[in-house]
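1. sequence plus predicted model, see below.
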Amino acid sequence: MLIALLPGDGIGPEVIGEARRVLDMLEIEGLQFEEADVGGAAYQSYGHPLPPETLDLARRADAILFGAVGDPASDANERHLRPEQAILGLRSELELFANLRPAKAFPQLVGESTLKEEIAGAIDLVIVRELNGDVYFGEKGMRRTAAGLREGYDIMSYDEDEVQRIARVGFETAMARSGRLCSVDKANVLETSQLWRDVVTEVAREFPQVELSHMYVDNAAMQLVRDPAQFDVIVTGNLFGDILSDQASMCVGSIGMLPSASLDGSGKGLYEPIHGSAPDIAGQGKANPLAAILSAAMMLRYSLGLAEDASRIETAVEQALASGLRTPDLGGNALAAEMGEAVIKAL
Ligand code: NAD
Ligand code: IPM
Ligand code: MN
């Protein structure tokens, strides 16, 4: 089993280093790693954020463990040469259309949430985010208006096949959990969202066991901090899912805690923390590595069929937290390496 390790930029290599140490500790037979540059790091060495060598490795691998991309030094690049294009390119080239972003309260961390403890403690939800379409991948550009003003534009669209396939993942995810699915859109304003709502409603007929509700995204953002326990599975588009998942991460304590899986139609996946390269703390060794470590656990469960090893990692993370260790995002002063070490010790 070949794992492509793509650490990327900023804190990416720091958190992936810890995830790798945890995986090594498990001594899984036949697990091999091959590493490649991606993002700003790849741009510096190859002149492109997603060089053909890296894309080829991602294609050959059974699963991809990804850190983060983003480098302030490249923010002025033409868009196709910006580090972020690497993760967007991997998602679209490999058709990783289904992004699972689970947010579950850690009993040890309820005090770290900015929400009241009784509200934060009840959170157990999954955001199923579409990853190959929406305003992210529509035509975009800069132009001049008739009056000579600069105008930026990005076209938002979904076709019904794209909505259908992510809706099915949403329903299936709900069936494996409590059977409740909330579809989040902005159908009161956007045609893209009207189609989304119509198609999700059509797909619901295939899943009579699931209780489907619809919610506008502005209300969903509010409900997520008012009463997050009302949600079990949320299915939504690329842009709304991006925003709501960062918000959900803070509800359970920190963006440094949320892992994700990006899956294609056959179970191949890319696994990454939902956070970015965090240039403000990069190089200081104090990033929270738990989101990356939990992403490695998701990789074992979803792409490698190693659910037991995945659970071992998740339990070890809880034990590390129970020991009281906290990185700065969680109000402590532990280093990434110390947190990684605590997980390894628990294993
Ligand atoms: P970010 O997620 O990198 O950071 C937001 C804030 O959260 C920062 O204050 C950061 O220090 C903190 N933070 C994030 N991860 C943390 C961790 N593991 N431990 C402790 N604190 C953590 O978002 P941003 O600042 O908006 O973006 C920075 C760069 O990352 C940008 O270039 C952006 O495009 C990129 N980005 C990449 C990905 C990805 O690779 N999938 C995701 C999000 C952002
Ligand atoms: C994420 C990030 C990416 C996104 C960026 C870096 C393209 O914010 O993975 O959440 O918007 O999807
Ligand atoms: Mn994001």
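-> Thanks, I have it. Ligands and ions are numbered 1, 2, ... in the order given.
2. quick one, strands of the stretch 151-300 of the chain?
-> Remark: strands assigned in the stretch 151-300 of the chain by DSSP state E, counting those that start in this stretch are 180-185, 211-216, 233-236, 261-263, 269-271.
3. now these in CSV, with mean neighbour count?
-> Heads up, the C-betas are built off the backbone N, CA and C, glycines and all. Output for the strands of the stretch 151-300 of the chain, formatted as CSV (neighbours: other Cβ atoms under 10 Å):
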stretch, mean neighbour count
strand 180-185, 24
strand 211-216, 16
strand 233-236, 28
strand 261-263, 23
strand 269-271, 27
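4. any chance of these in TSV, with distance to residue 203 and mean pLDDT too?
-> Formatted as TSV, these follow (distance: least, Cβ to Cβ, whole Å; pLDDT from 0 to 100):
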stretch	distance to residue 203	mean pLDDT
strand 180-185	10	99
strand 211-216	9	98
strand 233-236	10	99
strand 261-263	18	98
strand 269-271	22	98
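5. which SSE is the residue lying farthest from the centre of the chain in?
-> The centre of the chain is farthest from one residue, residue 147, which by Cα atoms, centre = their mean lies 41.1 Å away. Following DSSP states H and E, there is no helix or strand that holds residue 147.
6. tell me the residues of the stretch 1-150 of the chain that contact ligand 2?
-> Within the stretch 1-150 of the chain, the positions near ligand 2 by Cβ under 6 Å from any ligand atom are 84, 87-88.
7. how about 8 Å then?
-> 68-70, 84, 87-88, 91, 99, 131, 136 (Cβ under 8 Å from any ligand atom).
8. tell me which of the residues you listed is nearest to ligand 1?
-> residue 70 (2.2 Å; Cβ to the nearest ligand atom).
9. quick check, the residue in the stretch 1-150 of the chain closest to ligand 2?
-> residue 84 (4.2 Å).
10. tell me which of the residues of the stretch 1-150 of the chain next to ligand 2 fall in strands.
-> 68, 99 (DSSP state E).
11. and the closest residue in space to residue 342 that isn't next to it in sequence, what does it touch?
-> Computed as Cβ to Cβ, 6 or more residues apart in numbering, the closest residue to residue 342 that is not its neighbour in sequence is residue 320, at 3.8 Å. Applying Cβ atoms under 8 Å, 6 or more residues apart in numbering, one finds that residue 320 lies in contact with 290, 339, 342-343, 345-346.
12. ok, 10 Å please
-> 108, 290, 293, 326, 334, 338-347 (Cβ atoms under 10 Å, 6 or more residues apart in numbering).
13. PyMOL command to pick out the buried ones of these?
-> This is the PyMOL syntax for the buried subset of these, where burial follows 16 or more other Cβ atoms under 10 Å:
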select buried, resi 108+290+293+326+334+338+339+340+341+342+343+344+346+347
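14. can you pull out the helices in this protein?
-> In the chain, the helices defined using DSSP state H lie at 12-26, 40-46, 52-60, 84-93, 117-120, 160-175, 191-204, 217-226, 238-251, 290-302, 307-322, 336-346.
15. buried sites along the fourth one?
-> I take that to be helix 84-93. The neighbour-count check on helix 84-93 (16+ other Cβ under 10 Å) flags 84-91 as buried.
16. rewinding a little: ligand 1 next: which of the contacts of residue 320 are close?
-> Answer for the contacts of residue 320 near ligand 1 (Cβ under 8 Å from any ligand atom): residue 290.
17. got the contact list for the closest residue in space to residue 326 that isn't next to it in sequence?
-> Of all residues not flanking residue 326 in the chain, residue 332 sits nearest, at 2.6 Å (Cβ to Cβ, 6+ apart). Counting by Cβ under 10 Å, 6+ apart, residue 332 touches 112, 286, 288, 324-326, 338-339.
18. list just the nearest of those to ligand 2.
-> Of the contacts of residue 332, the one sitting nearest to ligand 2 (Cβ to the nearest ligand atom) turns out to be residue 288, at 16.0 Å.
19. give the contact list for that closest one.
-> 11, 14-15, 18, 253-257, 273, 275, 278, 281, 326-330, 332, 334, 336, 339.
20. for residue 204, list the residues it contacts.
-> Applying Cβ under 10 Å, 6+ apart, the residues contacting residue 204 are 167, 170-171, 181, 183, 210-212.
21. rerun that using 8 Å as the cut-off
-> 171, 210, 212.
22. do the same with residue 32
-> If you count contacts by Cβ under 8 Å, 6+ apart, then residue 32 has 1-3 around it.
23. neighbour count added to those residues, as CSV?
-> Listed next are these as CSV, based on neighbours: other Cβ under 10 Å:
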residue, neighbour count
1, 16
2, 14
3, 24
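24. now these in JSON lines, with distance to residue 55?
-> Below are the contacts of residue 32 laid out as JSON lines (distance: Cβ to Cβ, whole Å):
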{"residue": "1", "distance to residue 55": "20"}
{"residue": "2", "distance to residue 55": "15"}
{"residue": "3", "distance to residue 55": "16"}
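25. want to throw those residues into CSV with distance to ligand 1 and pLDDT?
-> Formatted as CSV, the contacts of residue 32 follow (distance: Cβ to the nearest ligand atom, whole Å; pLDDT from 0 to 100):
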residue, distance to ligand 1, pLDDT
1, 23, 95
2, 22, 97
3, 18, 98
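26. restricted to strands, list those.
-> 2-3.
27. which of the contacts of residue 32 lies closest to residue 29?
-> residue 1 (9.1 Å; Cβ to Cβ).
28. that closest one and residue 283: what is the separation?
-> 32 Å (Cβ to Cβ, to the nearest Å).
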